[in-house]
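could you work out the structure for the sequence below:
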Amino acid sequence: MSHLFWLDQERLNRIKHILPKPRGVARVDDRRVLSGIIHVIRNGLRWRDAPSDYGPHKTLYNRWARWSHMGVFARILTELAAQGDATDTLMIDATHLKAHRTASSMGLKKKGRGRLIGCTKGGLNSKLHAVTDAVGRPIQLFLTAGNVSDYIGARALLPSLPAADWMLADRGYDADWFREGLKERSIEPCIPSRRNRKDIIPHDTRIYRSRHKIENMFGRLKDWRRVATRYDRCPVIFMSAIALAATLLFWL
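Numbers count the residues shown, from 1 in each chain. Predicted coordinates for the structure are as follows:
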């Protein structure tokens with residue numbers, strides 16, 4: 001069984017205080033169940049196809065769904081990312097995540113934001129907006145429908161940016177309001193000017209070369225098959241899969 005564990009005891013101990021405390025009957029082994037959840041998400045399996053070594057697939061899914069709605073996996077990522085010390089340079093970008101037909105119901109939940117799935121030239125998908133630190137580790141994530149502008153993600157992420165010296169972004173983020181918002185937070189934008197901008201704003205090309213790290217981060221996240229392809233109708237559960245993958249890849 002040990003070769004099937006995705007979490008060793010040391011890494012589990014780092015997040016154990018964030019996990020909900022059991023009530024009444026003792027909970028099934030967290031390390032085994034979390035490893036089963038990771039195995040399903042990493043390999044893009046149906047829950048019923050999880051190896052029996054991890055226990056009943058209903059136990060895996062029920063805990064996954066319950067903890068996702070409780071925000072457990074988002075809190076784990078947020079707490080670990082807050083301990084990072086490489087925020088002198090930030091990077092922002094977005095990527096599309098293909099929606100499988102099982103997730104593409106466009107029905108709206110009452111008082112909700114819907115499925116967060118939109119139609120683009122590439123079909124139905126969601127868009128993941130991310131801010132990373134200087135070494136390409138995600139510190140903030142935001143999910144929208146695939147046809148939503150990058151500016152929407154930038155507006156959502158801007159108020160909670162940590163203190164930094166630089167913000168690296170491609171020319172899709174070249175907007176006066178975004179540059180001004182960064183400077184109000186004493187962050188210097190390193191953003192190439194749009195081709196149709198009348199007055200070209202110079203940027204530091206040497207620092208800008210580091211922007212490939214956020215692209216690499218997206219590539220590594222998409223190695224997790226239930227992240228690269230969205231099977232979950234519920235955006236909260238899908239976002240938890242992204243947070244869990246980001247935590248395992250970059251922070252544990």
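
mind listing what's buried along the helix or strand encompassing residue 219?
The secondary structure element spanning residue 219 is helix 212-221 (assigned by DSSP states H and E). By neighbour count on 16 or more other CB atoms under 10 Å, the buried set for helix 212-221 is 213, 214, 217, 218, 221. To be clear about C-beta, it is placed using only N, CA and C from the backbone, and glycine gets the same treatment.

quick check: which helices or strands does the following helix or strand past it pack against?
Beyond helix 212-221 on the C-terminal side, the first helix or strand identified by DSSP H and E is helix 225-228. On a contact count with 3 or more CB pairs under 8 Å, 6 or more residues apart in numbering; DSSP states H and E, helix 225-228 meets helix 30-43, strand 89-99, helix 235-246.

from the buried residues of helix 212-221, which is closest to residue 63?
Residue 63 lies nearest to residue 221 out of those, by CB to CB, at 22.4 Å.

wait, the closest one sits on residue 243?
No - counting by CB atoms under 8 Å, residue 221 does not reach residue 243; the two are 10.4 Å apart.

returning to that earlier point: to residue 156, which of the helices and strands packed on helix 225-228 lies closest?
strand 89-99 (10.9 Å).

which stretches in the chain count as helices?
9-15, 30-43, 57-69, 72-82, 150-157, 176-184, 205-208, 212-221, 225-228, 235-246 (DSSP state H).

for the second one, name the packing helices and strands.
Helices and strands in packing contact with helix 30-43 are listed as helix 9-15, helix 57-69, helix 225-228, helix 235-246; criterion 3+ CB pairs under 8 Å, 6+ apart.

now do that helix and helix 235-246, the angle between them.
Counting by axes from the mean of the first three to the mean of the last three CA atoms, to 10 degrees, helix 30-43 lies at 100 degrees to helix 235-246.

next, the buried residues of helix 30-43.
Buried residues in helix 30-43, defined by neighbour count with 16+ other CB under 10 Å: 30, 32, 33, 34, 35, 36, 37, 38, 39, 40, 41, 42.

from the chain's centre, how far out does that helix sit?
The chain centre lies 18 Å from the centre of helix 30-43; the measure is CA atoms, centre = their mean, to the nearest Å.

got the angle between it and helix 72-82?
Helix 30-43 and helix 72-82 are oriented at 90 degrees to each other (the same axes, to 10 degrees).

give me the contact list for helix 30-43.
Residues outside helix 30-43 that contact it (CB atoms under 8 Å, 6 or more residues apart in numbering): 1, 4-7, 9, 12, 16, 19, 45-47, 49-51, 54-55, 59-60, 63-64, 223-227, 241, 244-245, 248.

now do that helix and helix 57-69, the angle between them.
Computed by the same axes, to 10 degrees, the angle separating helix 30-43 from helix 57-69 equals 90 degrees.

for the record, mean pLDDT for helix 30-43?
Computed over helix 30-43, the mean pLDDT rounds to 94.

what of stretch 16-23?
pLDDT averaged over stretch 16-23 gives 89.

name the residues of it that come out as buried.
Buried, per 16+ other CB under 10 Å, within stretch 16-23: residue 19.

which of the contacts of helix 30-43 count as buried?
Buried among the contacts of helix 30-43 by 16+ other CB under 10 Å: 5-7, 12, 19, 45, 47, 50, 54-55, 59-60, 63-64, 224, 226-227, 241, 244-245, 248.

can I get the helix holding residue 219 as CSV, trimmed to CA atoms?
Output in CSV follows, covering the C-alpha atoms of helix 212-221 (Å, rounded to 0.1, in the frame of the first residue of the first chain):
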residue,chain,number,x,y,z
HIS,A,212,7.9,32.0,-18.8
LYS,A,213,7.6,30.6,-15.2
ILE,A,214,3.9,31.2,-15.0
GLU,A,215,3.5,29.4,-18.3
ASN,A,216,5.4,26.5,-16.9
MET,A,217,3.2,26.5,-13.9
PHE,A,218,0.1,26.2,-16.0
GLY,A,219,1.7,23.4,-17.9
ARG,A,220,2.4,21.4,-14.7
LEU,A,221,-1.1,22.0,-13.5
